[in-house]
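Chemist: Here's my sequence, what's the structure:
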Amino acid sequence: MIVRNLDECRKTDRFVEAENGNWDSTRLMLAEDNCGFSFNITRIHPGTETHIHYKNHIEAVFCYEGEGEVETIADGKIHTIKAGDMYLLDQHDEHWLRGKEKGMTVACVFSPALTGREVHREDGSYAPADD
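Modeler: Numbering: from 1, shown residues only. A predicted model of the protein is given here:
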């Protein structure tokens, strides 16, 4: 059994901040836990916009605090995300993620699992899990 505390993990290398300052993420479960997926708590900072395109991962996101929006690039559709909403990037959807006035806090599941040190590449993706 694995038990981890969010505040304690934020004091370790499991706490990752975006290079551009748009978000921070605490990686509670990683590939090294051998579960086939990873789980993290991410804070999207207010007034930010991040280009994301997870070509090599599927991500499920549950917002439990605040508000933001996701704009899918293929069709320009904007989805308002607020506490209680979930979205699933099941088609590797290229999108813009925006934090509204107070930002938002989300719980994210990635498959395949993240290692914890990923950075967004120029195209908005993370490298494949086997890289």
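
Chemist: And the helices in the protein, which stretches?
Modeler: Using DSSP state H, the helices found in the chain span residues 6-9.

Chemist: That one: strands as residue ranges?
Modeler: Under the criterion DSSP state E, the chain contains strands at 15-17, 23-29, 38-44, 49-52, 58-72, 78-82, 86-88, 95-111.

Chemist: Just give me how far the fourth one sits from the chain centre.
Modeler: This points to strand 49-52. Centroid displacement of strand 49-52 relative to its chain, using Cα atoms, centre = their mean, to the nearest Å, is 11 Å.

Chemist: Asp7 is nearest to which of the strands of the chain?
Modeler: strand 23-29 (8.9 Å; Cβ to Cβ). Any C-beta I mention is one placed from the backbone N, CA and C, and that applies to glycine too.

Chemist: First-to-last residue distance for stretch 35-53?
Modeler: 23 Å (Cα to Cα, to the nearest Å).

Chemist: nearest to Ile2, of the strands of the chain?
Modeler: Proximity to Ile2 (Cβ to Cβ) singles out strand 23-29 among the strands of the chain, at 7.4 Å.
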